Each structure stands twice: as structure tokens, then as C-alpha cells.
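In: Got a predicted model here, sequence first, then my questions.
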Amino acid sequence: MPRTLLRDRAYASIRDAIVAGEIGPGTVVRDADLAERLGLSRAPVREAFARLVDEGLLESKPQSYTRVTPVVAADVRDAAAVVGAMHELAVRIGVPRLGDADVEVMRAANERFAAAVRAGDVDGALRADDELHDVLVRVSGNRAAAATVARYTPLIRRLERQRFGEGGNCRSAGLHERLIEACADRDVAGAVRVTAEIWRGLEELADCD
């Protein structure tokens, strides 16, 4: 397998384990241990570590330790503000480009989201949420927005999972329905307003005790 794919595999696996809480905040991670766990050499794991440090999920002190960062509310608020702005941009560009099939993909994702929320399936809910919003990011064709969303969303997801585990509420399927209806009507301004409301709620989530 090409080195870049090995690095990407290591990055995705470690990122997902951190976001899911399988590797908790404060946990010291070692490249040798994770390389063995993933069935990889240490080189792609070290490269993944460097990327995760840059993205704020790991912190490293040279010659001492690399560990998972704590969930910091201020960092989550900052990330939610940036990701929300990118989603609003994607909505402005993407809504006029949506086809009927794209809207149906969003509807189906929201049905899966609502079902997962009812079942208490946090992973399923967050996965469906990503699928719904990714339609607009994809259709917008803005690669910079897509890259920014991909970079900062994991910081937000960690807090969402933590809040849900404490009995908090997932994002509202009702808000999603309003977004989808605005998209179906090709109502750009309406879709932007709902998107802003969704992400404002995530910023506020960081302030919950």
C-alpha cells in the first residue's frame, strides 16, 4: 500500500478512536503501541501524530510524551464558529446547484438521524448528520471549505459525544427538516438562516456545564 494511504489510514483510525472516546483525554499514546494495534509500521503512525497535533487532538512534548488533549470549551466554540461559517458558505453556493436527488439524499440522511436519536445511537446520529450536511459541502465544490470542515469537525464531535453521554440532546431533526425544505425550495436565505441556527446551537453546547 502506498505510504500516503498508510499514513491516511493511521490518521483516520487514531482520530476516530479519539473522537469516540476510545482513547480518552490525557491518555499518553505511543507510536509503537498504535502501530502494532493497527498492523502498521511506526512511520505512518508518527506522521499521523504530527497531523493530529496540528489539528489539536494531540499535544506533544519532544522527547517526553504525546497525549490526547483535553476537551476545552473555548477551542470547541472557536471550531464551531469556523465550521459553521464554512457550512453557511457551502449553503450559499450549493443550494442553487442542488438537484432533486441531492435533496432526497438529505431527507434519507435525516430519517436515519432521527431513528438513531430515538435509539440512543450516538455514532449513527453523528454519521447521519455528517452525511446530510456533506451534501451541501460536496455540491458547493469549494475544496477549501471542505478541508476546513474536515479539519475542525472532530474537535466538535468529541464534545457532542461527551454531552450526549451525559444525557444531552442531539442536534434537532426538526432543524434539519427546516433546512431541507429551504433547500427543496431553493431558498438560499432561508437555508443560511437555519444553518446559522444549527451551528449557533453547537457553539452554545460548549458553554453547558
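Out: Yes, it's here. Numbers count the residues shown, from 1 in each chain.

In: can I see the domain layout of the protein?
Out: Following automatic domain parsing, one finds the domains of the chain at 3-68, 73-205.

In: who's in contact with the residue most central in space within the chain?
Out: Taking C-alpha atoms, centre = their mean, the centroid of the chain lies closest to Thr153, which sits 3.3 Å from it. When contacts are counted by C-beta atoms under 8 Å, 6 or more residues apart in numbering, Thr153 touches Ala79, Val83, Asp130. No exception for glycine: its C-beta is placed from N, CA and C like everyone else's.

In: Flag every buried residue along the helix or strand harbouring it.
Out: Secondary structure assignment for Thr153, by DSSP states H and E: helix 143-165. For helix 143-165, the neighbour count (16 or more other C-beta atoms under 10 Å) marks 145-146, 148-149, 151-161, 163-164 as buried.

In: try stretch 182-190
Out: Applying 16+ other C-beta under 10 Å to stretch 182-190 flags Ala182, Cys183, Ala184, Val188, Gly190 as buried.

In: In three-state terms, label the residue nearest to the third one when sequence neighbours are not counted for me.
Out: To tie it back to what came earlier, the one meant is Ala184. Counting by C-beta to C-beta, 6 or more residues apart in numbering, Ala184 lies nearest to Val103, which is 5.0 Å off, once chain neighbours are set aside. At Val103 the chain is in helix, as set by DSSP: H, G, I helix; E, B strand; the rest coil.

In: Tell me the spacing between Val103 and Ser172.
Out: Separation of Val103 from Ser172 (C-beta to C-beta, to the nearest Å) stands at 19 Å.

In: ditto for Leu89
Out: In terms of C-beta to C-beta, Leu89 sits 22 Å off from Ser172.
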